[in-house]
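1. sequence isn't available, so here's the structure alone:
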Ligand SMILES: [Zn+2]
């Protein structure tokens, strides 16, 4: 809301320098976003929060300035004249809940011309273009009282005036000269033949006041805020008028505005008031009664306030005290403040004028035994777990990424996701569904970097994924890991997976070969017999389709499953005796999986404590359908140093077992 | 013969101790293993012994020879490595350095500050319903107060029609409702997470961003506690001499409500300089969060007796403080995931 300080000074004297006033108002909640000097005037631009419809009027702002400068403001008095009645036209309200109250005044024999410089400047300094004396007067009164008014050219209204819903397809041209097709969402003012205004939003071209206008029909009304809101949204408009109606207009101000506008049109446009009419019923406005308990207020705000100071501040704000007893004050809310309903509203009013920054600063004691339940409950544990896991995965050498939860449905379709959760009001097709997997975000992050000459990328993300479920949908935390590059990078990922399960204290994970959607080469990961996730190589076809310059190896796990699997760690004693190793060189036909070798190794007995592949060779001495590698096997006992005879006999057993496997040759 | 072998071994043990350079070691090799060495002499002398002695001496001499050989080899290795100069100006080896995303870090840092004060950390879900996102937070239906909270709705049937349509939460405040519906005071909870609003993406806007909600409810929690908690946070997170400014504001779910500014950590509010401060644009203050005393309606919606309990709540973005603190000038950097960005933190 923009207003002129000179305009305010018509209502209330201001002694404070403008710069200081800006600070005072801002700190009391009327944030001055911008201010500038304009000749002998100052223009303030304030932010009006949605509860303060009264700040959309100069009388409301004057009241606020008074309270902020420790003074009291009284509303100007306006003498209401409601006679003679208009007899030749009827005002018909179709539905009283769309428009509870409508008043009209007719001013005859006006001369519409340019405004005086003073009036033109006043509305211009409040951000409204000067049109003509008659229109400027309606805007002046709207600015002053907060009620939008509309002046129609009486002679262009054919017959009676109706406040009704628009018919579907009804056409309407506003004073902005744009044609709009209306629907039942729109409330219109109409005469016997046509719509003449979009109620509360914009006047119609067909009844606009111009320089030839002789007689004016002046409308003031209360329209339902919700109806105005839906109506103006339906036609994509937001006007000074709709802005105010949506936030509420005060019935008392409405009458003053109508009266004053009619008086001014009489004075400044040389017209004569000739009739009044109303329809509906003026809503009863009662000043809200609120009782406050000073002790409760002190406990709420955290400080003992002086009762004298409290009463002064409330009086300046326009509260009236009706009763006072034993620490309680019964109050009536300020006349214009329909937003004040209960004691906490009074606390806010008092404290913002007192100054939030003058209230003491204390640290509460928030730790209590009964409160511990949350931290140790499933949700509290989940947050801590996720944090720990992230730090652990970063320590493995992966970089954390954050990608959008919203994806393009079309792109997901290319990944075989046919039924993701859709948005009803997406902004763009790129973000119109919720992702059911962390893969699409990972692909984008990888592609971004691969296109910038980065290679061998290692990323991870923890975020929620969203899927349909029997009872509607399921939103669950997931972890993704990925490495770009070639073949061996898959094993990097496998290693990372193993490390994560060691971190969970569940080293006995199981990998089962699987064919998954988008991952022909994949392993399902099981722990404790339960599936926990998968890892795999993104299919070549998908890789090309998504324009990735390297292969992508991707893993995804369900975070809740990982948390369930996690076990506390306890120290496991290890053998102090030396481990002895022996190498076996193996030539295996490609049909033989390493898992076959692994099975043999595991069958040797408990003294075989670990093994690893130390060398893989390919090339001239190796037949093309074979892989050759050296397996290093470690032997160790918990209670003694193994003798070389013991080692040799175990090792021989292993060699015998391996050599019996069809397709394996020991070298 | 046995004695000769022992003496030879003892002599060698003395000599090897004094050998330092590779040259010394090669000298000893010739002396003890060369053709004219005592060892060779002893081998030659075996012939004159009887059968039994011959076997023993042969075995012992072999053992000694092996011992001397390996001893010299070991020592040579040691001396060589201590001697050899290699090019230390070669580049350091490269390897993968993992990292946490800066938003994760900032998020954790903020949460940890409040944890120290006794808050518990609970995350809420991102798919919410109208009840938890709006109604229970005291938003009137179809009112302009919802305009600042534009929301993505989901095109799926409601699971519980009484709770309204499903949507992507546009703030973390629904967590407040969820926790209060299911737990009794005293409560002190921080709830971080992703939130969504239909906003065009540019340098300062995104349709997805992060927020941190905090609230405390008990019999005596009051506005001055809210100030104290946020003051502690600002001093821990921004700087040890940070000041706060509470400006009255309006939120449907708090009363009284405030917006909070922190003194600019770069110019500390000293705006008189020639050039406008790049962080606060010369204002001296940075808006960081919204807060207030939880509206009694909200407590009542959650089944908490507002005549017995009262509390405060606050909510802040994560991107903005992160951008301010680390001088990041484009919000899109957070989700672009460029390695050159990721590896800086
Ligand atoms: Zn600054």
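-> Ah, there it is. Quick caveat, the model's predicted, so the values are computed rather than measured.
2. show me the shaky parts of the stretch 251-400 of chain A.
-> Across the stretch 251-400 of chain A, residues meeting the criterion (pLDDT under 70) sit at A:369-372.
3. and the residue of the stretch 1-150 of chain B closest to the ion?
-> As assessed by CB to the ion, the ion sits closest to residue B:106 within the stretch 1-150 of chain B, at 19.6 Å. The C-beta positions use only the backbone N, C-alpha and C, and glycine is treated the same way.
4. where does pLDDT dip in chain B?
-> Judged by pLDDT under 70, chain B has its weakly predicted residues at B:79-83, B:271-274.
5. quick one, helices of it?
-> For chain B, the helices defined by DSSP state H occupy B:2-18, B:22-33, B:38-45, B:51-83, B:102-116, B:130-133, B:173-182, B:223-237, B:296-301, B:319-326, B:333-336, B:339-342.
6. need these in CSV with mean neighbour count, can you?
-> CSV is the format used below for these (neighbours: other CB atoms under 10 Å in any protein chain shown):
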stretch, mean neighbour count
helix B:2-18, 13
helix B:22-33, 16
helix B:38-45, 15
helix B:51-83, 14
helix B:102-116, 19
helix B:130-133, 22
helix B:173-182, 22
helix B:223-237, 22
helix B:296-301, 20
helix B:319-326, 19
helix B:333-336, 19
helix B:339-342, 17
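7. reformat those helices as JSON lines; add distance to chain A.
-> Shown next, in JSON lines, are the helices of chain B (distance: least, CB to the nearest CB, whole Å):
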{"stretch": "helix B:2-18", "distance to chain A": "26"}
{"stretch": "helix B:22-33", "distance to chain A": "29"}
{"stretch": "helix B:38-45", "distance to chain A": "29"}
{"stretch": "helix B:51-83", "distance to chain A": "18"}
{"stretch": "helix B:102-116", "distance to chain A": "6"}
{"stretch": "helix B:130-133", "distance to chain A": "13"}
{"stretch": "helix B:173-182", "distance to chain A": "7"}
{"stretch": "helix B:223-237", "distance to chain A": "3"}
{"stretch": "helix B:296-301", "distance to chain A": "6"}
{"stretch": "helix B:319-326", "distance to chain A": "10"}
{"stretch": "helix B:333-336", "distance to chain A": "6"}
{"stretch": "helix B:339-342", "distance to chain A": "5"}
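8. so for residue A:285, which of those helices sits nearest?
-> helix B:296-301 (22.6 Å; CB to CB).
9. for that closest one, what is the distance to the chain centroid?
-> 37 Å (CA atoms, centre = their mean, to the nearest Å).
10. before we move on, the earlier item: can you lay out the helices of chain B as JSON lines showing distance to residue A:535?
-> Formatted as JSON lines, the helices of chain B follow (distance: least, CB to CB, whole Å):
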{"stretch": "helix B:2-18", "distance to residue A:535": "55"}
{"stretch": "helix B:22-33", "distance to residue A:535": "52"}
{"stretch": "helix B:38-45", "distance to residue A:535": "62"}
{"stretch": "helix B:51-83", "distance to residue A:535": "42"}
{"stretch": "helix B:102-116", "distance to residue A:535": "23"}
{"stretch": "helix B:130-133", "distance to residue A:535": "36"}
{"stretch": "helix B:173-182", "distance to residue A:535": "33"}
{"stretch": "helix B:223-237", "distance to residue A:535": "38"}
{"stretch": "helix B:296-301", "distance to residue A:535": "45"}
{"stretch": "helix B:319-326", "distance to residue A:535": "31"}
{"stretch": "helix B:333-336", "distance to residue A:535": "24"}
{"stretch": "helix B:339-342", "distance to residue A:535": "22"}
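11. out of the ones you listed, nearest to residue A:328?
-> Using CB to CB, the helices of chain B put helix B:296-301 closest to residue A:328, at 17.7 Å.
12. show residues contacting the closest one.
-> A:342, A:344, B:135-138, B:176-177, B:180, B:217, B:253, B:255, B:305-306, B:309-311 (CB atoms under 8 Å, 6 or more residues apart in numbering or on different chains).
13. count the neighbours of whatever residue of the stretch 201-350 of chain A ends up closest to chain B for me.
-> Closest residue of the stretch 201-350 of chain A to chain B, CB to the nearest CB: residue A:302 (2.9 Å). Counted with other CB atoms under 10 Å in any protein chain shown, the neighbours of residue A:302 add up to 22.
14. that one: what's its closest spatial neighbour, skipping adjacent residues?
-> Closest residue to residue A:302 apart from its sequence neighbours, by CB to CB, 6 or more residues apart in numbering or on different chains: residue B:224 at 2.9 Å.
15. same check on residue A:363?
-> Leaving aside its chain neighbours, residue A:363 sits nearest to residue B:228 (4.3 Å; criterion: CB to CB, 6+ apart).
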